[in-house]
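[1] Got a sequence here, can you model it:
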Amino acid sequence: MAVVINGSGTVTGLAVGGLPDGTVDEGTLASSAVTEAKLATDSVTAAKIPASLENTFVSGRKNLIINGDMRLAQRGTSHTTEGYGSLDRYYFALSGGTATMSQQTLSTSDRNSLGFENYLRVAASAGNNNLGIYQHIEGINCRHLINKKATLSFYAKGTNPNGGSFLIKPLWYNTSSGGGDEDTAQSLTITSSWVKYSMTFDIPIPANTTINNTAYLAMMILQPASDTSTNAWELNVTGLQLEAGSTATDFEHRSYGEELALCQRYYYAMQAPFGAYYSAYGTRWFTEYSTYPVVMRANPSVSYKSGSVRYSYYQYGWVSDNLSALATKLGDQRGISLCITATGSYSPSNHAMYTAESNSYVANIDAEL
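    Numbering: from 1, shown residues only. This next block holds a predicted model:
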């Protein structure tokens, strides 16, 4: 059948199915030639959209990693022991050996090219076979990934562990019942320059884990189990993102306030409040109820961190003192009543109420997984 285009641009002689598949491609269409007005209603269906394109469509929040741009470090900027100790939401795996996890600032040129201010560094001077970083993602936040694909993407640079690359894997776990359901670990070989990496995992069905408020999906970047050398290595990472689907999309930049609130659900570095200060013949303490800025993930543990207090009575000026002990009263996920004991050279000789204040951090409010 002949295809005829007359002077007015009308096409005749074309039957349905007359053009072979692929005849009209991007190269044969003028810019903006296909507009919404030219498409018949419901002519573009989900079945006609490739999966690779559909995965780039974003609906709501997509990044399951909290503090993926490494901006927040409520506990401090570095630590050298197993567990949580510096960058929010990152667990430092260190069951032996010597290493430091720290928050670092990107150079001006790297900030401009990567779009981030900070990065996380793990610097190891003596290795073991379990050194790296974890993020424990609440199971209730990633239930939609079960038996589906999820993609992890990030920027990294550094020096690979002796004898192999880093290992990356997701692992289901429950603090009350254990776990162990995981996808096969994938390897990561890094260079001395910042490079963006991405890898897709099949998130397994957690056969040995019940998804409740004690269950989590651990996203791990580890040295290989075979590496037990004492050779130094270094891992630098930023822009960490875990999302549904098999395509890595652009990093989701949340506001500082949003990211801080997400972190405070798990840990809050609480300052001692202004309150009433009491003295009973040399024993000095103050108590005050404080509401957390966000509802914690669970009833938190509370421990003394650091700080000092100053207080006054009508017959004295301000007197400085140290804080030595902390007791918890009436604590729940929303707030806590603290009773803090002070020690120092000043010893009032009578029972009285004082005015007290403190501007120092004094308590770790911890509800981490």
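[2] Name the residue closest to the centre of the protein, please.
    Ile66 (2.3 Å; Cα atoms, centre = their mean).
[3] if I pick it, what's in contact with it?
    88-89, 135, 259, 262-263, 266 (Cβ atoms under 8 Å, 6 or more residues apart in numbering). (Glycine included, C-beta is placed from N, CA and C.)
[4] That one and Leu131: what is the separation?
    Distance, Ile66 to Leu131, by Cβ to Cβ, to the nearest Å: 22 Å.
[5] For Met220, give the beta-bridge partners.
    Tyr134, Lys169 (DSSP bridges).
[6] for it, what are its contacts?
    93, 132-134, 167-171.
[7] Ok, Tyr267 next?
    74-75, 84, 88, 364-368.
[8] Tell me which helix or strand the residue nearest to the centre of the chain sits in.
    Using DSSP states H and E, Ile66 falls within no helix or strand.
[9] For it, give its distance to Ser31.
    41 Å.
[10] Please apply the same query to Asn236.
    In terms of Cβ to Cβ, Asn236 sits 41 Å off from Ser31.
[11] about what we covered before: show me which of the contacts of Met220 is closest to Ile203.
    Nearest to Ile203 among the contacts of Met220, counting by Cβ to Cβ, is Pro170 at 6.1 Å.
[12] on that earlier part again, got JSON lines for the contacts of Ile66, with distance to Glu117, neighbour count and secondary structure too?
    Below are those laid out as JSON lines (distance: Cβ to Cβ, whole Å; neighbours: other Cβ atoms under 10 Å; DSSP: H, G, I helix; E, B strand; the rest coil):
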{"residue": "Asp88", "distance to Glu117": "15", "neighbour count": "23", "secondary structure": "coil"}
{"residue": "Arg89", "distance to Glu117": "17", "neighbour count": "22", "secondary structure": "coil"}
{"residue": "Gln135", "distance to Glu117": "19", "neighbour count": "22", "secondary structure": "strand"}
{"residue": "Glu259", "distance to Glu117": "12", "neighbour count": "19", "secondary structure": "helix"}
{"residue": "Leu262", "distance to Glu117": "17", "neighbour count": "16", "secondary structure": "helix"}
{"residue": "Cys263", "distance to Glu117": "16", "neighbour count": "20", "secondary structure": "helix"}
{"residue": "Tyr266", "distance to Glu117": "22", "neighbour count": "23", "secondary structure": "coil"}
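[13] State the pair within those residues that is farthest apart.
    Farthest apart among these - using Cβ to Cβ - are Gln135 and Glu259, which lie 13.5 Å from each other.
[14] in this structure, which spans are helices?
    51-54, 108-114, 256-264 (DSSP state H).
[15] closest one to Asp227 among the ones you listed?
    Comparing those by Cβ to Cβ, helix 108-114 comes nearest, at 27.7 Å.
[16] re the thing from before, between all of the contacts of Met220, which two are separated the most?
    Maximum distance among the contacts of Met220 (Cβ to Cβ): 14.8 Å, for Ala93 and Pro170.
[17] Run through the protein and note the low-pLDDT ranges.
    1-28, 46, 50-60, 127, 272-287, 309-319, 322-325, 328-329, 340, 342-361 (pLDDT under 70).
[18] Break it down into its structural domains.
    78-264, 267-366 (automatic domain parsing).
[19] what sits up against stretch 241-250?
    51-52, 55-56, 58, 62-65, 68, 137, 144-145, 148-154, 198, 200, 219, 251-252.
[20] which of the residues in that stretch are buried?
    Within stretch 241-250, the residues scored as buried using 16 or more other Cβ atoms under 10 Å are 241-249.
[21] ok, which stretches of the stretch 51-200 of the chain are strands?
    All strands of the stretch 51-200 of the chain, identified by DSSP state E, counting those that start in this stretch, fall at 78-79, 91-93, 98-105, 118-126, 132-138, 149-159, 166-174, 178-182, 186-188, 195-202.
[22] Between the ones you listed, which one is closest to Ser308.
    strand 78-79 (22.6 Å).
[23] Which elements pack onto that closest one?
    strand 98-105 (3 or more Cβ pairs under 8 Å, 6 or more residues apart in numbering; DSSP states H and E).
[24] Quickly run through the sheet partners of the strand it packs on, with directions.
    strand 78-79 (antiparallel), strand 118-126 (antiparallel).
[25] quick one: contacts of the longest one?
    It refers to strand 118-126. Against strand 118-126 from outside (Cβ under 8 Å, 6+ apart): 69-71, 87, 90, 92, 97-106, 131-133, 155, 158, 161, 223, 230, 232-238.
[26] if we can go back for a sec, looking at the contacts of Met220, which is nearest Ile205?
    Pro170 (12.5 Å).
[27] Quick check: the gap between the residue nearest to Asn213 when sequence neighbours are not counted and Glu138.
    Nearest residue to Asn213 in three dimensions, chain neighbours excluded: Ala298, at 6.5 Å (Cβ to Cβ, 6 or more residues apart in numbering). Using Cβ to Cβ, Ala298 is found at 10 Å from Glu138.
[28] Mutual contacts of these two, please.
    In contact with both Ala298 and Glu138: Asn213, using Cβ under 8 Å, 6+ apart.
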